[in-house]
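Trainee: mind folding the following:
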Amino acid sequence: MSAPRTALVTGGTRGIGRAIVERLLAAGWRVHATYRHDAAAARALLAGAGPGLSVHQIDGADAEAVAGFVQGLDADDPIGLLVNNAGQSLDQFAHQAAPAAVAALFDANVLAAMHYCRALLPAMQRRRGGDIVNISSLASVNVRHGNAFYGASKAALERFGAGLALEAIRFGIAVNTVAPGYVETELIANMLTPEKKRALLASIPARRLTAAGEIADAVEFLASRRPLLVGVVLPLGGGGHL
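Mentor: From the prediction side, this is the model:
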């Protein structure tokens, strides 16, 4: 029996998440996209998308809400692909970051992904198949001033993904991770002055930012299973991991 062609993309209404959603829709997937706050972005995505897309507001850090949401979705239209893309950043020195901000960071970047995986795994196990792709960051290995907590959250996500990959593959479930470097999004464009952008590009071997569409390429590639990959961390940063 072929795997279900329905995907769930968290944080799917803006930036990288939106690029992933649009790529999967173009490839014939039905897609559920989640968001937490930005209703305007959700409306804009829906307005520009064709059939096959539904958008849901949910806080991924709420384990009970995620479980109920996923159970309702999967009962009607089995989820074959989970993309844990939702997350947030924190660019502060470790001694300056407020405990509440650090807790919120790990809720968004680590616990939310765990909640979605835990909610979907039983059904995927029963069907003996499924794909999970976690979106991490090269910050998990690239150490710089101000990214101690953010990098730690992404390293935790990658370690969770590795452990889950080992446990899940015996059920035919492939778990992998995509780790982008600096991605050319509106957020990055607004943050960088021309001087800062030149300095940033000089630090990247390929001398360019990664396009959001390249992250979508990687997700589509992993979900295609040509070849089957298990427990990999795919760096997409123009050589920024070297």
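
Trainee: lowest-confidence helix or strand of this structure?
Mentor: helix 186-191 (a mean of 70; mean pLDDT, DSSP states H and E).

Trainee: look through this protein and tell me its longest strand.
Mentor: As assigned by DSSP state E, the longest strand anywhere in the chain is strand 173-180.

Trainee: elements contacting it?
Mentor: On a contact count with 3 or more C-beta pairs under 8 Å, 6 or more residues apart in numbering; DSSP states H and E, strand 173-180 meets helix 112-127, strand 130-135, helix 148-168, helix 212-224, strand 233-236. The C-beta positions use only the backbone N, C-alpha and C, and glycine is treated the same way.

Trainee: can we see that at 7 Å?
Mentor: strand 130-135, helix 148-168, helix 212-224, strand 233-236 (3 or more C-beta pairs under 7 Å, 6 or more residues apart in numbering; DSSP states H and E).

Trainee: which SSE is immediately downstream of the least confident helix or strand of the chain?
Mentor: Under the assignment DSSP states H and E, the closest C-terminal helix or strand after helix 186-191 is helix 194-202.

Trainee: any chance you could list what contacts that next one?
Mentor: Helix 194-202 has contacts (C-beta atoms under 7 Å, 6 or more residues apart in numbering) with Y182, L192, R207, R208.

Trainee: surely the last one is in contact with G237?
Mentor: No - using C-beta atoms under 7 Å, R208 and G237 do not qualify as a contacting pair, with a distance of 10.2 Å.

Trainee: have a look at these two and say which one is more surrounded.
Mentor: Using other C-beta atoms under 10 Å as the criterion, R208 and G237 rank with G237 on top: 22 against 11.

Trainee: how many neighbours does the closest residue in space to the more buried one that isn't next to it in sequence have?
Mentor: The shortest distance from G237 to any non-neighbouring residue, by C-beta to C-beta, 6 or more residues apart in numbering, is to G181 (2.3 Å). G181 is flanked by 21 other residues according to other C-beta under 10 Å.

Trainee: which residues are in contact with G181?
Mentor: Here G181 is in contact with L138, I204, T210, L236, G237, G238, G240 (C-beta under 7 Å, 6+ apart).

Trainee: nearest residue to the last one in space, ignoring adjacent ones along the chain?
Mentor: This points to G240. In space, and not counting its chain neighbours, G240 is closest to G181: 3.9 Å by C-beta to C-beta, 6+ apart.

Trainee: roughly how far does that neighbour sit from R14?
Mentor: G181 is 19 Å from R14, where distance means C-beta to C-beta, to the nearest Å.

Trainee: hang on, the earlier thing: which one, of the helices and strands packed on strand 173-180, ends up nearest to G48?
Mentor: Nearest to G48, of all the helices and strands packed on strand 173-180, is helix 212-224, at 15.0 Å by C-beta to C-beta.
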